[in-house]
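# with the input below, show me the fold.
(one chain, ligands or ions: 1)
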Amino acid sequence: MSNNVKKAEGKLGVLVVGLGAVTTTFMTGVLMARKGLAKPVGAMTQYDKVRVGKGADKKYLKYDEIVPMAKLDDIVFGAWDVYPENAFESAMHCQVLKEKDILPVKDELEKIVPMKAAFDKNFAKRLEGNNVKDCKDRWDMTEQLREDIRNFKKENGVDRIVVLWSASTEVYVPVNEKIHYTLADLEAAMKANDVENIAPSMCYAYAALAEGAPFIMGAPNTTVDIPAMWEMAEKTKLPIAGKDFKTGQTLVKSGFAPIIGTRCLGLAGWFSTNILGNRDGLVLDEPANFRTKEVSKLSTLESILVPEEQPDLYTDYYHKVRINYYPPRNDNKEGWDNIDIFGWMGYPMQIKIDFLCRDSILAAPLCLDLVLLSDLAARAGRWGTQRFLSFFLKSPMHDYTKGEVPVNHLFQQYAILKNAIREMGGYEADQEID
Ligand SMILES: NC(=O)c1ccc[n+]([C@@H]2O[C@H](COP(=O)([O-])OP(=O)(O)OC[C@H]3O[C@@H](n4cnc5c(N)ncnc54)[C@H](O)[C@@H]3O)[C@@H](O)[C@H]2O)c1
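Now for the predicted structure:
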């Protein structure tokens, strides 16, 4: 099959914002897999097979057999963080992985030393690190980040770069039409040092795009979920993706809610609660930071079980999400879901799901997939919001100024992902049942 995707030649720089639990687990896994010492379980780009062709011609191929993908060996990591620890020290400190799974790649991890962060304590009050840039204003912050990206590219001889935000969740920045709707207004606000409306994450995103790198938002921050950044992505012809990795509870929710919806059962309420004890949990214990997460987590059900479409079944269901910081569990999060449904003649029933998960173990393969697929999208000449990456995200970006509705249904998202791979590979998108 012929396709117009540029080959994945040379090295791929993966610059992560935040060298914490998720990213050190991601890096360690990639480096261990490269040595044949671990398997990248959960990564679609490494395992999934997509059917191409129909009838007698059909075959099931891995992504790299359909489109040119960067290989794990091509990746060069870099990072920014508020704390100065290198990736080895941070991985040990986070205690997600056992020492025996980190030590074989100690040398490589030690070389990943975080650059000074573009940080403002007002956006994450609970962080105390001092590996922070000294910036005159938000525009200067952006300029310094651009310089970091250029230097990283030069020093490491990488051909392409992807920037992935997996730093702490910032406080909620409501979309402000006067600041966030056009690129000109956004740039003016950066230059005027509008520290309330311009989050540091926006400086990272702007810098990435300005330096020719796709940007992925793994936290629920509104960073690239604003028309000004869509304009920037259009201007630079680069992909953007976000927001918020869909890892544990929301993965379950977006896979389970379709059971209720496709069987036309009713929903009275869905109460989701979490306990976790890592630094992410600590930051999310701050109400303003939790608000960002809450908005993201709440959006999932509304587009799967839609009240307007089935008023008898889904009007006024009570949907609540809580996260509580509970140190003893560290990264091993417990996500409980209590679901009150009703059936024939309105008779109530309950479903309880208790997911004893590992936050960073679930997020690491998503980092890899989002990075590799964003790089693919860039080489395929795709720019702007990448809908096909919604599969990996809790609160997929969509053009809310035009009333567009996001797709949250896990299996619809999977169909969109597969069709994008087919199309980029020069095959026809289709609706066949595999
Ligand atoms: N693990 C999951 O399942 C999951 C799911 C969805 C989203 N997320 C999000 O991913 C992010 C990372 O999670 P984690 O568990 O690795 O958290 P973490 O606290 O271990 O790591 C985040 C790191 O980001 C750094 N940081 C904060 N602000 C920064 C800035 N402006 N510049 C550079 N570095 C900065 C912190 O110092 C910290 O080391 C969080 O926002 C979290 O909400 C995680």
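
# could you find the closest non-adjacent residue to E108?
Leaving out its chain neighbours, the residue that sits closest to E108 by CB to CB, 6 or more residues apart in numbering is L31, at 5.2 Å. In this view, the C-beta of every residue, glycine as well, is placed from N, C-alpha and C.

# helix, strand or coil for that neighbour?
Classification of L31 using DSSP: H, G, I helix; E, B strand; the rest coil returns helix.

# any figure for the gap between the residue nearest to G218 when sequence neighbours are not counted and the ligand?
The shortest distance from G218 to any non-neighbouring residue, by CB to CB, 6+ apart, is to S166 (4.4 Å). Plainly put, S166 is 5 Å away from the ligand if you go by CB to the nearest ligand atom, to the nearest Å.

# and whatever residue of the chain ends up closest to the ligand, what are its phi and psi?
Proximity of the chain to the ligand (CB to the nearest ligand atom) peaks at G20, 1.8 Å away. Dihedral pair for G20: phi -110, psi -150, per degrees, to the nearest 10.

# what's the answer for Q413, then?
phi -60, psi -40.

# is it true that it touches K394?
No. Look at Q413 against K394 with CB atoms under 8 Å: they stay out of range, at 11.2 Å.

# which of the two has more residues huddled nearby?
Applying other CB atoms under 10 Å to Q413 and K394 shows that K394 carries more neighbours, namely 27 against 22.

# next up, the contacts around the more buried one.
By CB atoms under 8 Å, 6 or more residues apart in numbering, the residues touching K394 are 220, 243-246, 250, 296-297, 299-300.

# and D337, bridged to which residues?
On the basis of DSSP bridges, D337 is bridged to S272, I353.

# give me the pLDDT for it.
D337 is assigned 96 on the pLDDT scale.

# repeat that for K297.
K297 is assigned a pLDDT of 69 by the prediction.

# the residue of the chain closest to the ligand contacts S166, correct?
Yes. Counting by CB under 8 Å, G20 does reach S166; the two are 7.2 Å apart.

# that older thread, so which of the contacts of K394 are also by the ligand?
Restricting these to those near the ligand by CB under 6 Å from any ligand atom leaves 244-245.

# next, count neighbours for L356.
The burial count for L356: 11, using other CB under 10 Å.

# for the closest residue to it other than its chain neighbours, what are phi and psi?
Of all residues not flanking L356 in the chain, E334 sits nearest, at 5.6 Å (CB to CB, 6+ apart). Main-chain dihedrals, E334, degrees, to the nearest 10: phi -110, psi 120.

# let me see the contact set for E334.
E334 sits in contact with 274-276, 354-357, where contact means CB under 8 Å, 6+ apart.

# go with 10 Å
248-249, 273-276, 324, 326, 354-357 (CB atoms under 10 Å, 6 or more residues apart in numbering).

# cool, and R160?
Contacts of R160 were listed using CB under 10 Å, 6+ apart, and they are 6, 8-14, 70, 74, 153, 212-214, 375, 378-379.

# also Y414?
Here Y414 is in contact with 44, 48, 50, 255, 388, 390-391 (CB under 10 Å, 6+ apart).

# can you give me the mean pLDDT across the strand or helix carrying it?
Y414 is part of helix 410-424, with elements assigned from DSSP states H and E. The average pLDDT for helix 410-424 rounds to 95.

# kindly export it (C-alpha atoms) in CSV.
Only the C-alpha atoms of helix 410-424 are listed here, as CSV (Å, rounded to 0.1, in the frame of the first residue of the first chain):
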residue,chain,number,x,y,z
LEU,A,410,-14.0,3.8,24.4
PHE,A,411,-15.0,1.6,21.5
GLN,A,412,-15.9,4.4,19.2
GLN,A,413,-12.6,6.0,20.0
TYR,A,414,-10.9,2.8,19.1
ALA,A,415,-12.7,2.7,15.7
ILE,A,416,-11.5,6.3,15.1
LEU,A,417,-7.9,5.3,16.0
LYS,A,418,-7.9,2.3,13.7
ASN,A,419,-9.3,4.3,10.8
ALA,A,420,-6.7,7.0,11.2
ILE,A,421,-4.0,4.3,11.1
ARG,A,422,-5.6,2.8,8.0
GLU,A,423,-6.0,6.1,6.3
MET,A,424,-2.4,7.2,7.0
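
# please identify the buried residues of it?
Buried positions in helix 410-424, judged by neighbour count with 16 or more other CB atoms under 10 Å: 410, 412-424.

# need the residues you listed in JSON lines (columns: distance to L145).
Formatted as JSON lines, the buried residues of helix 410-424 follow (distance: CB to CB, whole Å):
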{"residue": "L410", "distance to L145": "34"}
{"residue": "Q412", "distance to L145": "36"}
{"residue": "Q413", "distance to L145": "31"}
{"residue": "Y414", "distance to L145": "34"}
{"residue": "A415", "distance to L145": "36"}
{"residue": "I416", "distance to L145": "32"}
{"residue": "L417", "distance to L145": "30"}
{"residue": "K418", "distance to L145": "35"}
{"residue": "N419", "distance to L145": "35"}
{"residue": "A420", "distance to L145": "29"}
{"residue": "I421", "distance to L145": "31"}
{"residue": "R422", "distance to L145": "36"}
{"residue": "E423", "distance to L145": "33"}
{"residue": "M424", "distance to L145": "30"}
